[in-house]
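>>> need a structure here:
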Amino acid sequence: MIHYFVYGEDGKRGLFLTTKQADLINRFTRSFFDAQETFLSEHGRRWDPLTESIRMPFGCKGQLCNSDELDSYNKLTKWLNRQHWVLNKIHLAIREEDMPDDFLIRKF
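Numbering: from 1, shown residues only. All right, here's what the predicted structure looks like:
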C-alpha cells in the first residue's frame with residue numbers, strides 16, 4: 001500500500017511510497033550519516049564530497065544490510081527523481097524549509 005511520507009514531523013512536502021521503500025530510504029540516510037561520522041573519526045576531518053569517495057557501512061541496525069539493498073535504493077531513486085520532477089513541473093517544488101528533518105515519516 002502506498003502512503004504519503006514527509007521529511008520530519010512538520011514536513012510540508014513529501015513523497016508517495018510504500019512503507020518498505022520509506023524504510024529503505026531512511027536506512028540509506030542513516031548509513032550515509034554513519035559513513036560521514038566514521039570518516040571524521042578515522043581522518044580527524046570532515047569528508048569532502050567533491051574530492052573524496054566514502055565507504056558506506058552495512059549492519060542492519062538502522063543501516064543498509066547489504067549491497068543488494070544499496071542496489072534496490074539506487075533503483076528506487078529513479079521513482080524519487082520522477083516525483084520530484086513532477087512536483088517541480090506543477091510548481092510544488094520541495095524546498096529546504098519544507099523538510100525540517102532528514103528522515104521520512106508517514107503522514108497518511
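>>> low-confidence ranges, this protein, go.
The model of the chain has pLDDT under 70 over residues 93-94.
>>> ranges for the strands of it?
Assigned strands in the chain, in chain order: 2-7, 14-18, 104-106 (criterion: DSSP state E).
>>> among these, which is nearest Ile25?
Closest to Ile25 of those, according to C-beta to C-beta: strand 104-106, at 5.8 Å. Backbone N, C-alpha and C define where each C-beta goes, glycine included.
>>> what residues does the closest one touch?
3-9, 11, 14-15, 17, 19, 22, 25-26 (C-beta atoms under 8 Å, 6 or more residues apart in numbering).
>>> at 7 Å what do you get?
Applying C-beta atoms under 7 Å, 6 or more residues apart in numbering, the set of residues contacting strand 104-106 from outside is 3, 5-9, 22, 25-26.
>>> again, but for stretch 42-53
Stretch 42-53 is contacted from outside by 36, 39-40, 54, using C-beta under 7 Å, 6+ apart.
>>> gap between the residue lying farthest from the centre of the chain and Glu9?
Centroid-distance maximum for the chain: Gly44 at 25.3 Å, with C-alpha atoms, centre = their mean. Gly44 is 35 Å from Glu9, where distance means C-beta to C-beta, to the nearest Å.
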